[in-house]
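Engineer: Please find the sequence and the predicted model below.
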Amino acid sequence: MTTSYDYAPLFRSSVGFDRVFNLLENVQRARSISDWPPYDIVKTGDDSYRISIAVAGFARDDLDITFQSNLLTVTSRKQEAAAEAYLHRGIAGRPFEHRFELADHVRVNGADLKNGLLSVDLVREVPEEMKPRKIAIETAPTLESSAPPAQIEAQKAA
């Protein structure tokens, strides 16, 4: 049973969060039926993350990692081996695709395949102009500190 959420009340009280609501709707709609192969997402530092995917039986040439406009896609295209007489086949080698929606300013730092785990390192790099900064508060000059106003003297007529 799937549940659909209505985000309309949130739209009325928020400004500039359209992308967040679109992500929530897309995740609901495009949830993959299979979570195979299993994966972990780990925060390795303040601004760094690692996605580890269990890809036992896959070689480097069988895997493809693509990053485009905040979407990281990991796919496999393993060719089926010659039909052998399996008595039991417990190690799956079927193709898969995992999609990870990444936040703004997150980029892929590298990928490594070791001991059947594909690790994709991510780092968040916020540009200097996007980081918080202090704003100086200026004060207007007061009347007391300014020079006294010039007075006009009139001559008295006799």
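Structural biologist: Sure, I can see it.
Engineer: before we move on, what SS does the residue nearest the centre of the chain have?
Structural biologist: Centroid check for the chain by CA atoms, centre = their mean gives residue 103 as the closest residue, at 1.5 Å. Here residue 103 is recorded as coil under DSSP: H, G, I helix; E, B strand; the rest coil.
Engineer: Am I right that residue 21 is in a strand?
Structural biologist: No - Residue 21 is assigned helix when assessed by three-state DSSP, not a strand.
Engineer: Run through the chain and note the low-pLDDT ranges.
Structural biologist: 1-4, 7, 10-14, 16-18, 26-34, 80-83, 142-150, 157-158 (pLDDT under 70).
Engineer: now do 90
Structural biologist: Applying pLDDT under 90 to the chain flags residues 1-36, 57, 69-71, 77-94, 101, 103-104, 126-136, 138-158.
Engineer: Show me where it has its strands.
Structural biologist: 39-43, 48-54, 63-68, 71-76, 97-101, 106-114, 117-124 (DSSP state E).
Engineer: for the closest residue to residue 98 other than its chain neighbours, what are its contacts?
Structural biologist: Nearest non-adjacent residue to residue 98, counting by CB to CB, 6 or more residues apart in numbering: residue 74, 4.7 Å away. Where C-beta positions appear, they are placed from N, C-alpha and C, glycine not excepted. Residues in contact with residue 74 (CB atoms under 8 Å, 6 or more residues apart in numbering) are 51, 53, 63-65, 97-98, 100, 118, 120.
Engineer: What's the PyMOL syntax to select whichever of those are buried?
Structural biologist: If you want just the buried ones from the contacts of residue 74 in PyMOL, going by 16 or more other CB atoms under 10 Å, the selection is:
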select buried, resi 51+53+63+98+100+118+120
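Engineer: Show me what residue 101 is bridged to.
Structural biologist: residue 71 (DSSP bridges).
Engineer: In contact with residue 57, which residues?
Structural biologist: By CB under 8 Å, 6+ apart, the neighbours of residue 57 are 78, 91-93, 116.
Engineer: Pull out the buried residues from those.
Structural biologist: Here, 16+ other CB under 10 Å leaves 78, 93 buried among those.
Engineer: Now render the contacts of residue 57 as TSV, adding distance to residue 107.
Structural biologist: Below are the contacts of residue 57 laid out as TSV (distance: CB to CB, whole Å):
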residue	distance to residue 107
78	27
91	33
92	31
93	31
116	26
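Engineer: Is it correct that residue 108 is in contact with residue 119?
Structural biologist: No - applying CB atoms under 8 Å as the test, residue 108 and residue 119 come out as separate, 11.3 Å apart.
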